[in-house]
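Pasting the sequence and the predicted coordinates here, then a few questions.
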Amino acid sequence: MTQRLRPSPTLLRLLGTAPLLFGTTLHAYAAEEPVKPAKEPIQKVEIKGAAETYDARRNDTATKIVVTQEEILKNGDTTIGEVLKRLPGITVGGVQGRGGDIRMRGLGSGYTQIMLNGEPAPAGFSLDSLSPDMIERIEVMRAATAEFSTQAIAGGINIVLKKAIVTAQREVKVGVQDDNGKLGTNTTFQISDRKGPVSYAVGGGVTYGKFNRPAEIITTGTNPAGVQNLSRRTEQTSQGSFEALNLSPRININLSPNDIVTSQSFINVNRFRGDTDEHVNTLQGKLPRYSATSVDIDSKVALLRTDLTWTRKLAGGAKLEVKGGANYNKRATDAPTLQYFANNVLAVDRLVTSDSTDKGFTTTGKYSTPLFEGHALATGWDAGYSKRDEDRIQRESSPIGAPVANLDQVYSADVQRLALYAQDEWTVTDRWSVYFGLRWEGIETTSEGNDYAPVSNKSSVWSPLFQTLWKLPGSKSDQVRLGISRTYKAPGVNSLIPRRFASNNNTATSPDQTGNPLLKPELAWGLDLAFEHYLPGGGLMTASTFVRRIKDITRQQVALIDGLYVSRPVNAGTANTRGIELEAKLPLRSMYPKAPAIEMRANLSRNWSDLDSVPGPNNRLDQQTPVSGTVGADWKLDTLPLTLGGSFSFQSGGPVRVSEKQYAYSIPKRSLDLYGLWKFTPKTQLRVAVANALHQDNYTESTFVEATGALRDGTLTPTTAVVRALLEMKF
């Protein structure tokens, strides 16, 4: 099915109101005389700001943690998830050492907003597609602000690609890694220069790797009396390769002292090939539908994101910034599958080919001005339109005449969003500042397909926001923060579309999947409170707490429909979540000048939650991680050009009651990462790292209990330590 990429009249009408809301501002701008050079006092302030490093975490009224490029690259990580897992309050789902969904406050399922250069990440975007070398900084925002999307109940993470172009730079990094005997390579480069009014930077990289990932699934069943009546052991082997190419070009053009045009793009092309074999050995009870499955997957993905930004400096310190962007993502997958009955009898030969395309555009605008003494006012808009087209063609045959199903599934989905906001940061005194924000955000999702009725879902939310920073009297080191926010989580496209995805062996713990077009957004009120104590030399100690009350929680519900188990998302009640986060950084020399150049760091988070529609105990929200923490140290030797460091991360697990009939369990996860950096010359250095050094086995469990008995699936996944070496050269 092919449809033109066009916004609906609803979005056009909404966009048409933006000039009216900002008409006064733009009219004032159009009536201005050509901007004169800034007066001398303003020039002095700007020069001082460039000479001294501004500490955004300490001095911004809106709370945030800023991770610099030096910290991002320190451990020799190859993915952003490995960087983020060491930060306070952030955990990574999935198997340790392999990446997964990024969670703040232990919450997944979209409660954490992931942004790229301040905008929600485009459809199809994966953090794993970004090389850490391409990133200038990472901003972790515990409380929402009006400028960014308030779809951030747990918080937001903004990935800022490299922007600064100060001097000419030529840098190449060549790396190799070993993962369970499988070799891989990773090569990145950075080129930047300035010629007159034009400056440019190009970063990129090529990655290649292989993997071999076995797993074992243990299935047991009991009757209503608790007597075991089913026992299966399933052996899985998955091996293959992946390769990726990414580029990030950026061009700045100074049209005049007050006008700058910037073009920034991100391109990623990758291919994944993998073979997965599954063999089920039934020791007791009924045989499954298929006793063996073999799947070969060949997936190709191309992603393009490009932005064009115009920045205009106005009189009186005001500034206007307008940005337009476009994104394109195409994925093509072939998955030939063989399924066997018992005794290796080939039952079904299936070929599934799927093609999906996501394309869209975004536009943002921001006008900021010192309204009057002590006030920094900003207003703006954030709009976007995206369209997904997907075809899934399934062809089956059977050499023994088993039932087959040939499917032609075609669907499209449109997502339109518009947000308008205003915010004011008021410096009441030199020790007290206040932030006020108000954001309206609306989303409309429509979809149609050849195997379901058309779907339409609209939602909109007003988000009042308040934050304040108070530097305690009589102290240069102590300050308190308070934030109150209204945030939400809109249902995603896949959660709304009532397409049915069949499971190979349908059971209560491995059900079919479908969406729910009647889902409503989850709405939350939140309170954040923090105390911060800053030490000399960059050290700090902080303690923070948060509370969220979330209405219309979305959770997965499994039901038996027409003889098959089906899982679909539903709105189910209200949840309360709360937590405490502690963080400390201690450079030893800031306290003891003769101590080694060691910086100690540690963080600890404790989270609680409960869902009123699920009986307790352990009715945690979205399998929330109760306890997580990291302890690490970096040691820069004085007598050798060597830096050593490492970090130990912990995530607790435990039992969770997902619904009245569903239970889950996961073991605590432990991860140890080590690195060493040897500087041969100021421009050449070698970095060696060991990730997941403990290579702890991962274990998860899913249980479904009903009147006819209980079914339990336990998955044991071995992990491996990954050794990396990276040679870094500047020219």
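Thanks, I have it.

Could you check how far stretch 528-537 is from the centre of its chain?
Remark: stretch 528-537 is offset 26 Å from the chain centroid, using Cα atoms, centre = their mean, to the nearest Å.

and it, which residues are buried?
For stretch 528-537, the neighbour count (16 or more other Cβ atoms under 10 Å) marks 528, 530, 532, 534 as buried. Where C-beta positions appear, they are placed from N, C-alpha and C, glycine not excepted.

Can you verify my assumption that the second one contacts residue 481?
Looking back up the chat, that one is residue 530. Yes: judged on Cβ atoms under 8 Å, residue 530 makes contact with residue 481 at a distance of 4.3 Å.

Quick check: neighbours shared by those two?
Counting by Cβ atoms under 8 Å, 6 or more residues apart in numbering, the residues touching both residue 530 and residue 481 are 63, 544.

can the buried residues of stretch 528-537 go into JSON lines with extra columns for distance to residue 321?
Output for the buried residues of stretch 528-537, formatted as JSON lines (distance: Cβ to Cβ, whole Å):
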{"residue": "528", "distance to residue 321": "28"}
{"residue": "530", "distance to residue 321": "30"}
{"residue": "532", "distance to residue 321": "30"}
{"residue": "534", "distance to residue 321": "31"}
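
Need the max-distance pair from those residues.
528 and 534 (18.8 Å; Cβ to Cβ).

Direction included, what does the top strand by length along the chain pair against?
Within the chain, and with DSSP state E defining each element, the longest strand by residue count is strand 228-256. Strand 228-256 has the following strand partners under DSSP bridges: strand 198-212 (antiparallel), strand 215-222 (antiparallel), strand 259-284 (antiparallel).

how about it: buried residues?
So, applying 16+ other Cβ under 10 Å, buried residues of strand 228-256: 230, 232, 234, 236, 238-240, 242-244, 246-252.

cool, stretch 193-208 as well?
Quick answer for stretch 193-208 (16+ other Cβ under 10 Å): 199, 200, 201, 202, 203, 204, 205, 207.

closest one to residue 386 among the strands paired with strand 228-256?
strand 259-284 (16.1 Å).

State the mean pLDDT of that closest one.
Strand 259-284 shows a mean pLDDT of 94.

Beyond it, next helix or strand please.
The helix or strand immediately downstream of strand 259-284 is strand 292-313, counting by DSSP states H and E.

now the following helix or strand past that following strand against strand 292-313, angle please.
Going down the chain from strand 292-313, the next helix or strand is strand 319-341, by DSSP H and E. Interaxial angle, strand 319-341 versus strand 292-313 (axes from the mean of the first three to the mean of the last three Cα atoms, to 10 degrees): 180 degrees.

secondary structure element for the residue positioned nearest the centre of the chain?
For the chain, residue 114 is the residue whose C-alpha lies nearest the centre (Cα atoms, centre = their mean; 4.3 Å). Residue 114 is located in strand 112-116, with elements delineated by DSSP H and E.

re the thing from before, could the strands paired with strand 228-256 be laid out in CSV, adding distance to residue 640?
As requested, the strands paired with strand 228-256 are exported to CSV (distance: least, Cβ to Cβ, whole Å):
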stretch, distance to residue 640
strand 198-212, 30
strand 215-222, 43
strand 259-284, 38
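
Out of these, the one nearest residue 189 is which?
Taking Cβ to Cβ, strand 198-212 is the member of these nearest to residue 189, at 5.9 Å.

how distant is that closest one from the center of its chain?
20 Å.

Likewise for stretch 212-232?
34 Å.

now do the same end-to-end measure for that stretch.
23 Å (Cα to Cα, to the nearest Å).

ok, and what's touching it?
With Cβ under 8 Å, 6+ apart as the contact definition, stretch 212-232 has outside contacts at 98, 180-182, 233-239, 280-286, 288, 509, 707-718.

residues of it that come out buried?
By 16+ other Cβ under 10 Å, the buried positions in stretch 212-232 come out as 213, 215, 217, 219, 220, 221, 230, 232.

secondary structure element for the residue nearest to residue 721 when sequence neighbours are not counted?
In space, residue 721 comes closest to residue 695 once its chain neighbours are excluded; the distance is 4.7 Å by Cβ to Cβ, 6 or more residues apart in numbering. In the assignment (DSSP H and E), residue 695 maps to no helix and no strand.

which ones are touching residue 695?
97, 718, 719, 720, 721.

Tell me which of the strands paired with strand 228-256 approaches residue 76 most closely.
Nearest to residue 76 among the strands paired with strand 228-256 is strand 198-212; the distance by Cβ to Cβ comes to 14.0 Å.

Nearest to residue 147, out of the strands paired with strand 228-256?
Closest approach to residue 147 among those is made by strand 259-284 (18.0 Å; Cβ to Cβ).

what kind of secondary structure is the residue nearest to residue 707 when sequence neighbours are not counted in?
Spatial nearest neighbour of residue 707, excluding adjacent residues (Cβ to Cβ, 6+ apart): residue 224 at 6.7 Å. Here residue 224 is coil, with the state taken from DSSP: H, G, I helix; E, B strand; the rest coil.

Phi, psi for residue 224 please.
Dihedral pair for residue 224: phi -60, psi -20, per degrees, to the nearest 10.

how much space between it and residue 709?
In this view, residue 224 and residue 709 are 6 Å apart by Cβ to Cβ, to the nearest Å.

try residue 94
In terms of Cβ to Cβ, residue 94 sits 30 Å off from residue 709.

And residue 162, by the same measure?
Using Cβ to Cβ, residue 162 is found at 57 Å from residue 709.

try residue 463
For residue 463, the distance to residue 709 - Cβ to Cβ - is 47 Å.

more neighbours, the two?
Set residue 463 next to residue 709 and count neighbours by other Cβ atoms under 10 Å: residue 463 wins out with 24 against 18.
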